[in-house]
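Participant: next one to model:
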Amino acid sequence: MVSTADWIDLTGKVAHVTGGGKGIGKAIATALAMAGAKVMVSDIKLETAQETADEIGGSAMALDVADRSAVDAAMHNTVSRLGALDILVNNAGLYLGYGGPVEDITDEMWKALWSVNVDGVFYCCRAAAKIMKEQGKGGRIINLASTQAVTPGVGVTYDGSKAAVTMMTKALALELAPHGINVNALAPGPTWVHGGEPPLIDGQAPVRTGLPLADTVADRISRLPAGHWGDPMEQGKAAVFLASEMSSFVTGIYLPCDGGWLTL
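Facilitator: The predicted structure follows:
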C-alpha cells in the first residue's frame with residue numbers, strides 16, 4: 001500500500017538549487033536532501049556552495065546565472081556528475097534594498113538586478129527544460145518569486161522582476177505540461193535570513209522613516225497574521241511539496257508562503 005511518505009520521498013531524484021549557499025536557497029537545498037534527493041548546490045561563490053553541499057552531503061559548483069553559457073554548462077554538468085536533472089529550483093537573486101525614488105535608479109542597478117532575477121531564471125529554465133524533455137520522464141521547475149510580485153513595496157526594480165518571474169512561470173507551465181514538467185512559483189513572505197534571532201513582531205506601529213516604500217513594508221510586517229518572521233526552512237518545506245508527487249497535479253501556480261502577508 002502506498003503511503004504519504006512515498007509521495008514525499010525524493011530518493012533517486014536529482015535537484016539543482018541555484019543560490020543555494022545561504023539563506024532560503026540553503027534551506028531549500030537542505031530540505032530536498034532530507035527528502036532523499038541528490039542535490040547540486042550552485043552559488044556565485046564556490047566556497048559558499050561547497051559549505052552547504054558539505055553539510056547536506058551534496059555536490060557544489062560555482063555559477064553566475066546571468067551568464068547564459070555558464071548556465072548551459074552547469075545544467076549539463078549536473079547531469080554528468082549526478083546522472084540526471086529532475087528538479088530545478090531557481091533561487092538565485094539580487095535584492096538591492098528599497099529602490100525608489102525611481103529617478104535615482106541607474107541603468108546599471110536595473111540591468112544588474114534584472115540580469116540575475118529575470119534573465120538568469122529564463123536561462124536556467126530553458127536549459128533545464130531541454131534536458132528534462134530529452135530525459136522523457138517529466139520534471140519539476142520551481143521559481144522563487146515573492147509576495148512583492150503582487151503587493152509592491154520594495155521598489156520597481158525588485159518588485160517588477162518578481163512579477164516577471166511569476167508570469168514566466170505561468171507561461172512555461174502551459175508550454176511544458178504536455179511533457180510532464182510542472183512549473184510553479186514559490187513566493188516567500190517576510191523570512192529572516194540574517195542569522196541570529198529575528199526581532200519580535202509586536203503589532204506596534206513601525207518607526208516612520210520618511211521612505212514610503214520602507215514604511216509600507218514595515219507596516220505590513222507589524223501586522224503580519226502569523227505574528228512572527230518566517231524561518232527559511234518553512235520555504236524549504238514548501239519547495240519539497242512542489243518537488244514531490246504531493247504536487248503531481250499542480251502546475252502554473254503562485255504559492256505564497258508568507259504567514260498571511262497577502263491577506264493584509
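
Participant: show me the helices in the stretch 51-200 of the chain, by range?
Facilitator: Here the stretch 51-200 of the chain has its helices, by DSSP state H, counting those that start in this stretch, at 68-82, 107-114, 121-135, 156-176.

Participant: now tabulate those helices in TSV and tack on mean neighbour count.
Facilitator: C-beta here means a position set from N, CA and C on the backbone, and glycine is covered the same way. Shown next, in TSV, are the helices of the stretch 51-200 of the chain (neighbours: other CB atoms under 10 Å):
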stretch	mean neighbour count
helix 68-82	17
helix 107-114	14
helix 121-135	20
helix 156-176	19
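
Participant: in the stretch 101-250 of the chain, which spans are strands?
Facilitator: 139-144, 181-188 (DSSP state E, counting those that start in this stretch).

Participant: could I get these as JSON lines with mean pLDDT and mean neighbour count?
Facilitator: Output for the strands of the stretch 101-250 of the chain, formatted as JSON lines (pLDDT from 0 to 100; neighbours: other CB atoms under 10 Å):
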{"stretch": "strand 139-144", "mean pLDDT": "99", "mean neighbour count": "26"}
{"stretch": "strand 181-188", "mean pLDDT": "98", "mean neighbour count": "26"}
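
Participant: out of those strands, flag the one nearest residue 16.
Facilitator: Between residue 16 and these, the tightest spacing by CB to CB is seen for strand 139-144, at 10.2 Å.

Participant: from memory residue 81 sits against residue 40, does it?
Facilitator: Yes. Using CB atoms under 8 Å, residue 81 makes contact with residue 40 at a distance of 7.2 Å.

Participant: what sits in contact with each of these two?
Facilitator: Common contact partners of residue 81 and residue 40 (CB atoms under 8 Å, 6 or more residues apart in numbering): residue 59.

Participant: any idea how far apart the tips of stretch 200-217 sit?
Facilitator: Stretch 200-217 has an end-to-end distance of 15 Å (criterion: CA to CA, to the nearest Å).

Participant: meant to ask about stretch 86-100
Facilitator: Start-to-end, stretch 86-100 (CA to CA) is 39 Å.

Participant: ok, stretch 103-123 next?
Facilitator: End-to-end distance for stretch 103-123, by CA to CA: 29 Å.

Participant: list the contacts of the residue in the chain sticking out farthest from the centre.
Facilitator: Ranking residues of the chain by C-alpha distance from their mean position (CA atoms, centre = their mean) puts residue 1 at the top, at 33.7 Å. Counting by CB under 8 Å, 6+ apart, residue 1 makes contact with nothing.

Participant: same question for the one 5 residues further on.
Facilitator: Applying CB under 8 Å, 6+ apart, we find residue 6 in contact with residue 245.

Participant: that one and residue 245: what is the separation?
Facilitator: According to CB to CB, to the nearest Å, residue 6 and residue 245 sit 8 Å apart.

Participant: count the neighbours of the closest residue to residue 86 other than its chain neighbours for me.
Facilitator: Ranked by CB to CB, 6 or more residues apart in numbering and with sequence neighbours excluded, the top spatial neighbour of residue 86 is residue 13, at 4.3 Å. Residues lying near residue 13 (other CB atoms under 10 Å) number 21.

Participant: same check, this time on residue 233
Facilitator: 17.

Participant: tell me the spacing between the residue lying closest to it once chain neighbours are set aside and residue 238.
Facilitator: Counting by CB to CB, 6+ apart, residue 27 is the residue found nearest to residue 233 once chain neighbours are left out, at 4.7 Å. Distance of residue 27 to residue 238, computed by CB to CB: 10 Å.

Participant: residue ranges with poor pLDDT in the stretch 151-264 of the chain?
Facilitator: Applying pLDDT under 70 to the stretch 151-264 of the chain flags residues 205-206.

Participant: now do the contacts for the closest residue to residue 65 other than its chain neighbours.
Facilitator: Spatially, and ignoring its direct neighbours in sequence, residue 65 is nearest to residue 120 (3.1 Å; CB to CB, 6+ apart). Neighbouring residues of residue 120 by CB under 8 Å, 6+ apart: 18, 65, 66, 71, 90, 92, 93.

Participant: of all these, which two lie farthest apart?
Facilitator: 71 and 93 (14.4 Å).
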